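>>> What follows is a predicted protein model with its sequence.
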Amino acid sequence: KKRGNIYLSGAGPSAWHEEYPVAKGKRQSPVDINTNKTKFDPKLAADPLTIRFSDSCCQSIVNTGISFQVTSNGAGCELSGGPLDSTYQFAQFHAHWGAYLKTTGSEHTVDGVSYPAELHLVHWNTKYDDFKDAVDKPDGLAVIAVFFKRGKEHPGFGKIQDLFSKIPAKGAKVNIDFEFNPGLLMPPDSENYWTYLGSLTTPPLYESVTWIVMKEPLEVSVEQIAILRTLLWETPNGVSQMYNNFRPPVPLRDRVIRASFG
Ligand SMILES: O=C(O)Cc1ccc(OCc2ccccc2)cc1
Ligand SMILES: [Zn+2]
């Protein structure tokens, strides 16, 4: 059993290209969002992004060994419009975060600035049979990224965090037997976003993601950011607290990040 995890084994993200050459590809993620170089696209406002979530779509939460993951059957949870030419169905959400007393943690950055954590709501293109079929296609996935910032407590996210103690190790999974609408995790204003073509930010790093990065962060309490680190993962020195499970930004290459706002 390979000790450690993809962020801590070897040189971490900077070594992923050895096993996954696409790590140095033309549409990798995350990236820095340089707001001086984004381009307002009125078409994004003309055909607004439609985000639909339901109360009954979140079924279970699992410790994936690199994050928590709330898995959904996607019932009533669909994404369309904006940059998307198809209907995408919600599959799961997870997050990435940093270390105690550090300012890093998010994957995308804005003008070089990190947030303490970043939530990813993963959707797959229903033109394909299922998630597994979609996951490696150029238009296969759409991921909504929501930055977390320290502020007032977010009771909704707290309900999910209350389950962390039940999934102490990689592979541990429990059912979610209460209603949880992932729409609770959208920032107050979800009209303003950036979008660009990118990839999974974890191996196998498939270049299959249309990223939709919300401009407005979601407020959670400083304690809630700390609770993320109470999840556990394997390290070369044994089981310890999970943190710094983020890939730093990679070169934008020949891409323009579009904005839905002027
Ligand atoms: O990069 C992100 O955080 C979005 C993301 C999207 C999908 C994803 O799936 C992992 C996966 C890859 C291949 C097969 C099964 C599952 C992993 C991450
Ligand atoms: Zn992610």
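Alright, I've got the coordinates. Ligands and ions are numbered 1, 2, ... in the order given.
>>> how near is the most centrally placed residue in the chain to ligand 1?
With distances taken as Cα atoms, centre = their mean, the residue of the chain nearest its centroid is His120 (2.1 Å). Note on His120: its distance to ligand 1, by Cβ to the nearest ligand atom, to the nearest Å, is 4 Å. Yep, even glycine has a C-beta here, placed from its N, CA and C like the rest.
>>> separation between that residue and Gln92?
Distance from His120 to Gln92, counting by Cβ to Cβ, to the nearest Å: 8 Å.
>>> quick one on the thing from earlier: return the set of residues that bridge with the residue nearest to the centre of the chain.
His120 has these beta-bridge partners by DSSP bridges: His94, Ala145.
>>> 487 is where my numbering starts, stick with that
Renumbered: residue one is now 487, and that last one reads His606.
>>> what about it, distance to Gly748?
Counting by Cβ to Cβ - His606 and Gly748 are separated by 26 Å.
>>> okay, and the common contacts of His606 and Gln578?
Contact criterion Cβ atoms under 8 Å, 6 or more residues apart in numbering; residues shared by His606 and Gln578: none found.
>>> circling back to that earlier point, now do the residue nearest to the centre of the chain, the pLDDT please.
For His606, the model assigns a pLDDT of 99.
>>> Next up, the contacts around the nearest residue to Asn520 once chain neighbours are set aside.
Ranked by Cβ to Cβ, 6 or more residues apart in numbering and with sequence neighbours excluded, the top spatial neighbour of Asn520 is Asp597, at 6.2 Å. The neighbours of Asp597, taking Cβ under 8 Å, 6+ apart as the test, are Asp518, Ile519, Asn520, Thr521, Asn522.
>>> Please apply the same query to Asp622.
Pro690, Tyr692, Ser694.
>>> To what extent is Leu535 buried, counted in neighbours?
Residues contacting Leu535 under the criterion other Cβ atoms under 10 Å number 20.
>>> distance of it from Ser566?
Leu535 is 8 Å from Ser566, by Cβ to Cβ.
>>> Where do the strands of the stretch 587-736 of the chain begin and end?
Under the criterion DSSP state E, counting those that start in this stretch, the stretch 587-736 of the chain contains strands at 595-596, 603-611, 627-636, 659-661, 679-684, 695-700, 704-706, 718-721, 724-727.
>>> export these to a markdown table and tack on distance to Pro673?
Output for those, formatted as a markdown table (distance: least, Cβ to Cβ, whole Å):
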| stretch | distance to Pro673 |
| --- | --- |
| strand 595-596 | 14 |
| strand 603-611 | 10 |
| strand 627-636 | 6 |
| strand 659-661 | 27 |
| strand 679-684 | 10 |
| strand 695-700 | 5 |
| strand 704-706 | 5 |
| strand 718-721 | 28 |
| strand 724-727 | 27 |
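>>> Which of these sits closest to Ser540?
strand 603-611 (13.3 Å; Cβ to Cβ).
>>> and the closest one, which residues are buried?
Ala603, Glu604, Leu605, His606, Leu607, Val608, His609, Trp610, Asn611 (16 or more other Cβ atoms under 10 Å).
>>> isn't the fifth one right next to Pro668, touching?
So the one you mean is Leu607. Yes. Judged on Cβ atoms under 8 Å, Leu607 makes contact with Pro668 at a distance of 6.2 Å.
>>> shared neighbours, the two?
With Cβ under 8 Å, 6+ apart as the test, Leu607 and Pro668 both reach Phe576, Phe579.
>>> what's the closest of the strands of the stretch 587-736 of the chain to Leu587?
strand 627-636 (12.0 Å).
>>> what's that closest one packed up against?
strand 574-583, strand 603-611, strand 695-700, strand 704-706, helix 708-714 (3 or more Cβ pairs under 8 Å, 6 or more residues apart in numbering; DSSP states H and E).
>>> How about the contacts made by the closest residue to Ser676 other than its chain neighbours?
Among residues not flanking Ser676 along the chain, Met700 sits closest, at 5.8 Å (Cβ to Cβ, 6+ apart). For Met700, the contacting residues are Ile630, Ala631, Val632, Phe633, Met672, Pro673, Ser676, Asn678, Tyr679, by Cβ under 8 Å, 6+ apart.
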